[in-house]
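[1] turn this into a structure:
(chains A, B and C)
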Amino acid sequence: MLKFKRNPFLTGIALAAAALVIAAGITTAEAAKAQKAVILATTTSTQDSGLLDTLIPMFEKKTGYFVKTIAVGSGQAMAMGAKGEADVLLVHSPAAEKKFMADGNGVERRLVMHNDFIIVGPPSDPAKIKGMKKATEAFKKIAAAGSIFMSRGDKSGTHAKEMDIWKTAGVKYEGEKWYQQTGLGMGQTLAVAAEKKTYTLADRGTYLALKKGLGLDILVEGDGILLNIYHVIEVNPKKWTKANFAGGKAFADFMVSKDVQAVIKTFGVEKFGSPLFFPDAGKKVEDLGL
Amino acid sequence: MDIILDGIRQAFILLVTFDPEVLGITWFSLKVSGTATFISLFFGMSVGTVVALTQFPGRKFVVSLINTGMALPPVVVGLFVTIFLWRNGPLGFLEILYTPAAMILAQAIIATPIVTGISLASMQQLPKKLRLQILALGATRLQMVRILIREARLPLLAAVMAGFGGVISEVGASIMVGGNIKGYTRVLTTATVMETSRGNFDVAIALGIILLLFAYAINLVLTYVQQRERPR
Amino acid sequence: MTTILAARNLKVIRGGSLLVDVPGMDICDGETLSLIGPNGAGKTTLLQALSYLMKPSAGEILFRGQAVGTAQPKLEYRRRLAMVFQEPLLFDTTVFGNVASGLKIRGIGASEAQRIVESQLERFGIAHLRDRSARTLSGGEAQRTSLARAFAISPEILFLDEPFAALDPPTRESIVTDLEKVLAETKTTTIMATHDRNEALRLSDRIAVMEGGRIAQIDRPAVIMNQPVDEFVASFVGTETILEGDVRDTNETALIVGVNGSEIEVVGKGRVGERVILCIRPENVTLTIPDGTVKTSARNTFRGRIGRIVPMGLFHKVEIACGFPLVAYVTTHALEDLSMKEGNEIAASVKATAIHVIRKSGT
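    Next up, the predicted model:
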C-alpha cells in the first residue's frame, strides 16, 4: 500500500529502453535483409496500375531478393539512379534515359514493354479534338480554343512526353492561362481533370484502371508520338560501390524473361477487358508502332 | 457522390470483415508510431524535465528552440533524414533507408520536440512551491523528480498522446524515408495517399476512418486530461 | 531552555536586494515563535532560510549547535523538520497517500507507516476522508491533510508559512483550535510566519516583528504588545495613538510629557527636555460624558470632540481631537449608553501606567 506502486519514472525508462531495443532489433534485422534488398526506383504508373504488385512477389519468391519499390516520377527515379541510391530503374522517359546512359550512370538499358498515352477530356469536348489522328494537331487545337489542359508538371515520364508533344507542335504553353499543372501523380491528375472537366495526357494503363466513374473519354489515340515505352536500366557498378548490382541485374533479367513477358501480356485483361501493357523484350524501339 | 457512398459502404465491409491488408497496415502503423513515440518519450521527458527544473544561461533560447521544434514540418524531417540515410550520405553505412527503422527514426525526430515541449509545460504548470514542499518532506533530488513526474503524469500522458497523434497522422516523412513499400513500410497515411491515386477509394476511405478513430481516441484522452483539476 | 535552532549573521540576498538580515536569533526547544510583519518584510524568506529550503547568502544556521550544510548535512536536517504552506500543496493521490508521503520518502515500512498515518488522520479529524482523492477536498480538509502530513514525520521543528491565510473564519478557527491542542500535546518547536497578529498572540510563546528583512523586536507577546521598541512595532501591533512630545518634568517614577500644549503623565524614565514617543493602545482609553460631576481618578483626563466613529465589528473605533489625536475602542453597548455621536463633546482618560514611553535617544 505504501510502496510506490511500481515507480512510474523507472517504468518509463524501462519502456523507452525496450523501445530502443525493438528499434535496434528492427535495424539489425534490416541490416541482414539489406544484403538481399534491391531498390527499384520506378514510376507511379507502374505502381498505380498494380502490375508491380503482381510481379514483385514472383521475383522475390524466385530469387530470394527483397525488393524495395520506390514509386516516384521518372525524373526522380533517374536522379536516384544517378546518385547510386537505387539499384535498378523501371522508367518511361526515353530522352532523359538516353542522357542518363550517355552520362555513364547506367550499364544496360533494356526495352521491357510499352503501352500508349492517350489524350482524354470531357465528353463535351469543347476544343473538338475527338477522333483526330495527330496528337500535335490536337494540342494545337486545344491551345487555339483556350480550353484548359491539365498537366502533371512533375517531371514524370508522362510530363516529359507531354512537353515533347507541345514542342513538336510548336505551341507556346508555359504561363498560358489555359495551361495548368497539378504537380501530382497520374491518378490524382486524372481525378483533377475529371473534376474540372479539362483535357489531359494520360497513360492508358492508369486511365483504364481509374476509368470507372471518372467521366473522361479517350479523344485522341494511336499516334506514333503517343507511345509510352518502358525500359529497365541497371545502374553503373563502377560509379557506385554500395549499390546491389547483382540484385539489380537479376531484376532486370527477370523483367525481360519469358515468364514475366507472358504475365505482362495478359495483365489487366480480366479486370479491364484489355491489356494495360504490351511486352516488348528483345524488340527495338523502332519496331514498335501502332 | 456515388463514388463516395460506394466507397464508404466498401470501407465498412473492409472494416467489419477485418480485411487482412487493412488490418496489417493498421497494426504496422501502430508498431512504428508507437515505437517512435516511446523513443521520443525517453528523450523528450528527460530534456523537458531537466529544462523545467533547472535555471541556466540561455534557457529561454532552448525553450524557444523546443517550441519551434514542436512545429517541425514532417516533410522537412523526412527530407533531412533521407539525405542522411542515403547510401552515400553520412549515415549511409546503417543501410536503413526505406526500412521501418528509418520511419521510426524520422517519426521519433518529429515527436521528440512535441513530447519535450509538452513535458516542459506540464512540469512548469505544477505549483512552484510544490518543489519546496517535496524538499521539505525530506526528499532527495531524485525522489523530488520522481514525485514531480508522478504529479504531472496526466499532462505527460497528453504529451504521449500528442506525440503519437503527430506521427501516426503524418505522411510526408513516412513516404520519403519508408518508400511506401507494400507489406513492409506501408502505413495508414501512405497507403491512403496511394490508394487514392489508384482510384481505390473504398480502401482509402477505410484507412481514413481508422485514422479518424485514432484521432478521436487521442483527443478524448486529451480532453479528459485538460478537464481534470489538480488538488489544492 | 536549550536552543534548538540558531541563526548567525544570516543574510539572504536575491537579485541584488537584501531580503533577510538577521545578526543573531535563537529558537528554544519546544517554543512556538511567530514571525509577523507586513507583506515583503521577509517572513517567508527567513522561514525558508531557517529550514534551508533556500541557501543563505551569508551566515549560518545551527541545528542543535551544528552548522547546517556542513556539520549537519542538509538532507538529514530537512528530514528532521516539516513545513506547511498557505496552499495545502497536496499530491494527486488519496488523503492517506498524502499523509504517508513523508514516511514513504524516508523509507519507513508499510505497517509502521500505516499505524502513524491512521493516528494522524484521527488527530486532525480526517479519518473519514482516508481514501478520498485529494482533488475532492475542501480548503479546510486539504489544510488538515497538509498538517497531518507534516506531523506524521514527528518533526523536531515545524515551519508554518501563513498556514491559515486562505481559510474562511470558521474553518480557520476550528483548525487553529486543533493545532493549539496538538502543539500543547507534542510540544513541537514551531516557527510560524503570519501577518495576522491575533493568530500570533494566540499561538506564540514569542513573537518576532519583522520589517525590511530585519527583526525589529523579538519577545513575549505581552511585551511586544505593551512595550514596543519603536514606532513601527507599535503601529504594527495595534497601537493606534503614537504621540511625540518632550519631557517637561520628572519624579522618581513618572514623567510629565508636553504634547501640543497638553500635559500627559506617564510612568517611565527620562530627562527634562528629552524628546520621547508615547504609545497608547486604544483599549486602554476610557471615554466618559463630560458633565462636570463625574471625575475619574486618573490625572490624564482630556476634554475634546469626537472626530469620527468607525465600526470595527465587535467594537467601534472612536477618533477624538483633544489637543492631540487620540483613538479609543468602545463596545457597541457603551457607544449607545453614552449616546456618542460625531462632533459630540467627550472626556477621555488614560492611566499613566498604560502609556508606553519610547526614548528617542535610546537608554
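
[2] contacts only, for the nearest residue to A:Thr46 once chain neighbours are set aside.
    The shortest distance from A:Thr46 to any non-neighbouring residue, by Cβ to Cβ, 6 or more residues apart in numbering or on different chains, is to A:Leu52 (5.3 Å). Using the backbone N, CA and C atoms, a C-beta is placed for each residue, glycine as well. A:Leu52 is in contact with A:Thr42, A:Thr46, A:Thr69, A:Ala71, counting by Cβ atoms under 8 Å, 6 or more residues apart in numbering or on different chains.

[3] which element is the second one on?
    In other words, A:Thr46. helix A:44-48 (DSSP states H and E).

[4] what's the answer for the last one, then?
    Assignment of secondary structure by DSSP H and E places A:Ala71 within strand A:66-72.

[5] parallel or antiparallel, which strands does that strand pair with?
    strand A:37-43 (parallel) (DSSP bridges).

[6] I figured C:Ala142 hits C:Leu90, correct?
    Yes: with contacts counted by Cβ atoms under 8 Å, C:Ala142 reaches C:Leu90, the gap being 5.8 Å.

[7] flag every buried residue along the helix or strand encompassing A:Glu60.
    For A:Glu60, the element it lies in under DSSP H and E is helix A:51-63. By neighbour count on 16 or more other Cβ atoms under 10 Å in any protein chain shown, the buried set for helix A:51-63 is A:Leu51, A:Leu52, A:Leu55, A:Ile56, A:Phe59, A:Thr63.

[8] tell me the two of the residues you listed that are most distant?
    By the measure Cβ to Cβ, A:Leu51 and A:Thr63 form the most distant pair in the buried residues of helix A:51-63, at 18.1 Å.

[9] around chain A, which positions in chain C sit nearby?
    C:Ala100, C:Leu103, C:Lys104, C:Ile108, C:Gly109, C:Ala110, C:Ala113, C:Gln114 (Cβ under 8 Å from any Cβ of the partner chain).

[10] just put the residues you listed in TSV and tack on neighbour count, pLDDT and distance to chain B.
    Shown next, in TSV, are the residues of chain C next to chain A (neighbours: other Cβ atoms under 10 Å in any protein chain shown; pLDDT from 0 to 100; distance: Cβ to the nearest Cβ, whole Å):
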residue	neighbour count	pLDDT	distance to chain B
C:Ala100	25	97	11
C:Leu103	24	96	9
C:Lys104	18	95	9
C:Ile108	17	94	11
C:Gly109	11	93	16
C:Ala110	13	93	17
C:Ala113	23	96	13
C:Gln114	16	96	18
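
[11] can you lay out the residues you listed as a markdown table showing secondary structure?
    Formatted as a markdown table, the residues of chain C next to chain A follow (DSSP: H, G, I helix; E, B strand; the rest coil):
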| residue | secondary structure |
| --- | --- |
| C:Ala100 | helix |
| C:Leu103 | helix |
| C:Lys104 | helix |
| C:Ile108 | coil |
| C:Gly109 | coil |
| C:Ala110 | helix |
| C:Ala113 | helix |
| C:Gln114 | helix |
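
[12] so which of those comes closest to B:Arg87?
    C:Lys104 (54.4 Å).

[13] make sure that closest one is actually in contact with C:Gln114.
    No: in this structure C:Lys104 lies outside contact range of C:Gln114 using Cβ under 8 Å: 11.3 Å.

[14] and chain A, what are its domain boundaries?
    A:36-114+A:229-287, A:116-226 (automatic domain parsing).

[15] need these in CSV with mean pLDDT, can you?
    As requested, those are arranged in CSV below (pLDDT from 0 to 100):
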stretch, mean pLDDT
domain A:36-114+A:229-287, 90
domain A:116-226, 91
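
[16] turn those domains into CSV, including distance to B:Val225.
    What follows is the domains of chain A, written out as CSV (distance: least, Cβ to Cβ, whole Å):
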stretch, distance to B:Val225
domain A:36-114+A:229-287, 40
domain A:116-226, 38
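
[17] the helix or strand hosting B:Ser46 near chain A anywhere?
    For B:Ser46, the host element (DSSP H and E) is helix B:20-53. Yes: on the criterion Cβ under 8 Å from any Cβ, helix B:20-53 is in touch with chain A at B:Gly34, B:Thr35, B:Phe38, B:Ile39, B:Leu41, B:Phe42, B:Met45.

[18] among those residues, find me the one that's closest to C:Ile207.
    B:Met45 (46.8 Å).

[19] what sits against that closest one?
    A:Gly12, B:Val115, B:Thr116, B:Ser119, B:Ile149, B:Leu156, B:Ala159.

[20] what kind of secondary structure is C:Thr44 in?
    C:Thr44 is classified as helix under three-state DSSP.

[21] neighbours around it, how many?
    20 (other Cβ atoms under 10 Å in any protein chain shown).
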